[in-house]
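1. fold the following, please.
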Amino acid sequence: MDFGYSVAGFIVGAIVGLTGVGGGSLMTPLLVLMFGIHPAKAVGTDLLYAAITKSGGTWVHARKGTVDWKITGLLAAGSMPATVITLLLVHFFAPGGFGNSTHLISVALGIALLLTALSLIFRTRLLAWAQSRNRAPRSQKATDRLTVLTGLILGVLVSLSSVGAGALGVTALLFLYPTLPTVKIVGSDIAHAVPLTLVAGIGHWFMGSVDFKLLGALLIGSLPGIYLGSHLAVRIPEKVLRPSLAAILLFTGSKLLAN
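-> Modelled structure (predicted):
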């Protein structure tokens, strides 16, 4: 079974390397639907998995100067409190904490997957619309507030489902900062994902919903997968990759909501 987890890690890692998204949105449902891992355990383990893998990405982007630390800080100002509050609410108001919250987590995961798929499908249109609105830009103060609100929403979704920090975060930032280079949006989003997934993952760990043996097996496969996928990314057209990923997420999200 450990070998199967590593293979799954390799496949998801390769897809993340190819598309830039898909870590939580593929790994968590794969663990739940294919391996029968309890949803709480899958979410908690995937959160720490994301924190470790995205730390490397943050380091690379920071060295290249493609992280806007102000945006990262504004997102964190919303997501950190939202994450802590969400974890506390589930712990105190869901009987048994995350351990007996299977339905809640499955629904949250399904909704997050559908939103992620839609953000992939309509990202180009959303970006074009955001750029067209740039003729009458909103005030900096309003943009800052909306960025904090975006972080708050991501904090809730990621804490419950481990999904949203990637595709949803990037899509929201493309809308809020249409003139910012895409590489800086991606770098800022990855940098924000590290503390978000780390705090959420530690919260799940304290509640007993992290499997460290599973985490190790996933990392063994994902690290070479991400390396290979990153090298293949330039050879496969994005117009093929993103619709394929969106279709997988739509199917998986629908299946989770139907259960």
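2. quick one: neighbours of residue 69, just the number.
-> Burial of residue 69 is recorded as 12 neighbouring residues (other CB atoms under 10 Å). Every C-beta, even on glycine, is put in place using the N, C-alpha and C of the backbone.
3. same question, the one 3 residues further on
-> Under the neighbour criterion other CB under 10 Å, residue 72 is assigned a count of 22.
4. helix or strand for residue 219, which one?
-> helix 212-232 (DSSP states H and E).
5. not counting that helix itself, show me its contacts.
-> Helix 212-232 is contacted from outside by 2-3, 5-18, 27, 31, 37, 41, 45, 48-49, 52-53, using CB atoms under 8 Å, 6 or more residues apart in numbering.
6. quick one: buried ones out of these?
-> The neighbour count (16 or more other CB atoms under 10 Å) marks 5-6, 8-18, 27, 31, 37, 41, 45, 48-49, 52-53 as buried among the contacts of helix 212-232.
7. where are the low-confidence patches of the stretch 151-259 of the chain?
-> 230-231, 233-239, 241-242, 259 (pLDDT under 70).
8. in helices only, show me the buried ones among the contacts of helix 212-232.
-> If you go by DSSP state H, those have 5-6, 8-18, 27, 31, 41, 45, 48-49, 52-53 in helices.
9. residue 163 and residue 154 touch, don't they?
-> No: between residue 163 and residue 154 no contact is recorded; they are 9.8 Å apart, counting by CB atoms under 8 Å.
10. does the residue positioned nearest the centre of the chain sit in a helix, a strand or a coil?
-> Centroid check for the chain by CA atoms, centre = their mean gives residue 165 as the closest residue, at 3.2 Å. What DSSP: H, G, I helix; E, B strand; the rest coil gives for residue 165 is coil.
11. for it, which non-adjacent residue is closest in space?
-> With sequence-adjacent residues excluded and distances taken as CB to CB, 6 or more residues apart in numbering, residue 165 is closest to residue 193, at 4.0 Å.
12. got it, and residue 6?
-> residue 221 (3.5 Å).
13. how many neighbours does that neighbour have?
-> Quick note: residue 221 (other CB under 10 Å) scores 22 neighbours.
14. so what's residue 74 up against?
-> 144, 147-148, 151.
15. top of those by neighbour count?
-> residue 151 (26 neighbours).
16. quick one on the thing from earlier: okay, residue 163 and residue 154: which has more neighbours?
-> Neighbours around residue 163 and residue 154, counted as other CB under 10 Å, are more numerous at residue 163. The numbers are 34 against 28.
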